[in-house]
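K.L.:
Please find the sequence and the predicted model below.
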Amino acid sequence: MLNRIFGILGRSTRAFLADTGALARLGAAACSSAFIDPFRGGRLRLQASIVQAARAGNGSLPLVGLICFLVGMIMALQAAQQLRQLGATDLVAGLVAISITRELAPLLVAIIVAGRFGSAVAAELGTMQVSQEIDALNVMGIDPISFLVVPRLLALIASLPCLIIFADVIGILGGQAVATGLLGIGGARYLALTLDALVLEDIYTGLVKGIAFAGIIGLVSCHQGLSTRGGAEQVGHSTTASVVHSIVLVIGADLFVTVVFYLKA
Amino acid sequence: MHKTFGDRKVLDGVDLVVNSGETLVILGGSGSGKSTLLRTLVGLEEPDEGTVSVCGIDLYSASRKELAELRRRIGVAFQGGALFGSMTVAENVELPWLELTEVPPTIRRIIARIKLGMVGLEDAMDLLPSQLSGGMTKRAALARAMSLDPEVLFFDEPSAGLDPVTSASLDRLILRLKKTFEVTLVVVTHEMESAFAIADRLALLHEGRFLVIGSPDEVRENANPIVQQFLRRQPPESNDGGESFRRFLDEMN
């Protein structure tokens, strides 16, 4: 029994390390293609990146807006329930704003984009892999990382911070809706309290997290897609794995960035 | 060349020379190693031992620049077409020009029209691959493989999944293109009628080794019983399902 447990642990660790190594190699190759090759005569991939950014960004706006508005309302309600006992309902605005900007908006946006766009990327690249389209690119002398991975990675790095700013605003508005409707705090007063509590660091902490999350989602989904072998079932497996792995790594990265900013403060 | 996957030796000392301008057809049954051989020949699978030289360049030890140049001189038409589903047929054919040259869009479009016209698909330029029939997909894949006017063209199972009439029409197209462009063709197939129709030389692969390499007549007259069994489409006796079924019944009893 003990041998079996150690065996499972050992195989899982080995698989995790292999995956981490593969992700790091893919990241290095993508960065080289994106930022170094254009100076050596390589392609810039701007048009393809814009197309992918529209898919990742525009397509996610409605869902991000809805979820962040509702989460803003929930945060305000939860905060109000506790702060009312202390006669400090004025602090609801600041608490909601800081929670949203530092933590909830980046995390929720990352999870939504991983589920929506990341899974689509994994499925698309996985299907291309099993139908030999990636082989076709290779034999034509077209680098699949430059052609497929770079536009998607750049799209995510550009669109996630924009989505986070949108999510910040909508989340704060959600909190305001509760404050105005239930706590009797006027709109202008709520906004003033929010701006009083927020500092620039709250906002750029969220944006820095967003860029890190974008890199993770882009690399994980592309890696899962490109390493698909077999048929339709494996494409499905890769799609699921891309979402699960993205979310786990995003939360891990969230902890890491939060600790860094905490120690810096 | 040798190539092993796990415990399975797929290519066991394969030795092959393809002459410029000829059509060499690699015949073999399922599991003979044809697909692996093709993948090593086009640079997708490095052999464990041995070398692959195309147009005088060693595929697996060439520099990045040499490999990039070589890629423009070869074309590959994959078994399922491997057309990019998000692009139209014309965009598929234009892609090598878009990525590897500075040719402007209008000229690229003209080139795509010419290449698709050669294979009879001029009217399908703006269709998506999902809208094509099996035969049209093969022809579109051929047009894309010919896009940069390669010196060597590789074909993976051109007749797979096609009806006899469409298959014969594709064979005629291949012969016509070869005559017009004087291209070297390497075709991997298990369809004997097609193989003998288009080949200058045939090579029969069996369990990772060539049993015979020669002209169609030389292959037909080869005395090796496995070669004759393949040509006459006779299954080997040990594969007779009856024996396996009898053994199964004995085990059940």
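P.N.:
Thanks, I have it. Numbering: from 1, shown residues only, chains lettered A, B, ... in the order given.

K.L.:
can we go C-alpha only for contacts and neighbour counts from here?
P.N.:
Will do.

K.L.:
Do a quick rundown of the helices in the stretch 151-253 of chain B.
P.N.:
Taking DSSP state H, counting those that start in this stretch, the helices of the stretch 151-253 of chain B run over residues B:164-181, B:192-198, B:216-220, B:225-231, B:241-252.

K.L.:
most packed of the ones you listed?
P.N.:
Compared across those, helix B:192-198 shows the largest average neighbour count, a mean of 18 (mean count of other CA atoms under 10 Å in any protein chain shown).

K.L.:
The helices of the stretch 151-253 of chain B: lowest mean pLDDT?
P.N.:
Here the lowest mean pLDDT among those goes to helix B:241-252, at a mean of 73.

K.L.:
of all of the stretch 1-150 of chain B, which residue lies closest to chain A?
P.N.:
For the stretch 1-150 of chain B and chain A, the shortest gap (CA to the nearest CA) falls at B:Ala82, measuring 4.8 Å.

K.L.:
That residue: what's it in contact with?
P.N.:
Going by CA atoms under 8 Å, 6 or more residues apart in numbering or on different chains, B:Ala82 touches A:131-133, A:136, B:141.

K.L.:
residues near the residue nearest to it when sequence neighbours are not counted, how many?
P.N.:
Spatial nearest neighbour of B:Ala82, chain neighbours left out: A:Glu133 (4.8 Å); criterion: CA to CA, 6 or more residues apart in numbering or on different chains. Using other CA atoms under 10 Å in any protein chain shown, A:Glu133 is surrounded by 22 other residues.

K.L.:
same deal with B:Ile114?
P.N.:
By other CA under 10 Å, 16 other residues sit near B:Ile114.

K.L.:
Tell me which residues touch it, please.
P.N.:
By CA under 8 Å, 6+ apart, the residues touching B:Ile114 are B:Glu122.

K.L.:
Go ahead and flag the most central residue of chain A.
P.N.:
By CA atoms, centre = their mean, chain A has its centre lying nearest to A:Ala110, at 2.5 Å.

K.L.:
residue contacts, residue 224?
P.N.:
Looking at chain A here, since you left the chain open. Going by CA under 8 Å, 6+ apart, A:Gln224 touches A:122, A:126, A:238-239, A:241-242.

K.L.:
Let me rephrase: I mean chain B.
P.N.:
B:Asn224 makes contact with B:Leu211, according to CA under 8 Å, 6+ apart.

K.L.:
Relative to B:Gly28, how far out is it?
P.N.:
According to CA to CA, to the nearest Å, B:Asn224 and B:Gly28 sit 14 Å apart.

K.L.:
repeat for A:Leu249
P.N.:
A:Leu249 sits 47 Å away from B:Gly28, taking CA to CA as the criterion.

K.L.:
Could you check which of these two has the larger neighbour count?
P.N.:
Per other CA under 10 Å, whichever of A:Leu249 and B:Gly28 has more neighbours is B:Gly28, with 25 against 15.

K.L.:
pLDDT wise, what is residue 108 at?
P.N.:
Chain wasn't specified; assuming chain A. The predicted local confidence for A:Leu108 is 97.

K.L.:
that's the other chain; I wanted chain B
P.N.:
pLDDT, read off for B:Arg108, is 95.

K.L.:
average pLDDT across the longest helix along chain A?
P.N.:
With secondary structure taken from DSSP state H, chain A has its longest helix at helix A:232-264. Mean pLDDT, helix A:232-264: 92.

K.L.:
any idea how far B:Val89 is from the closest residue to B:Gly81 other than its chain neighbours?
P.N.:
Distance criterion CA to CA, 6+ apart; nearest residue to B:Gly81, sequence neighbours excluded, is B:Ala141 at 5.0 Å. Distance, B:Ala141 to B:Val89, using CA to CA: 9 Å.

K.L.:
got any residues that touch both of these two?
P.N.:
B:Leu83.

K.L.:
So A:Glu133 sits against B:Gly85, correct?
P.N.:
No. Contact criterion CA atoms under 8 Å: A:Glu133 and B:Gly85 do not qualify, at 9.1 Å.

K.L.:
Assumed the residue of the stretch 1-150 of chain B closest to chain A was part of a helix.
P.N.:
No. Going by DSSP: H, G, I helix; E, B strand; the rest coil, the assignment for B:Ala82 is coil, not a helix.

K.L.:
if we can go back for a sec, which among the helices of the stretch 151-253 of chain B is found nearest to chain A?
P.N.:
helix B:164-181 (19.2 Å).

K.L.:
For that closest one, name the packing helices and strands.
P.N.:
With contacts defined as 3 or more CA pairs under 8 Å, 6 or more residues apart in numbering or on different chains; DSSP states H and E, helix B:164-181 has these neighbours: helix B:134-145, helix B:192-198.
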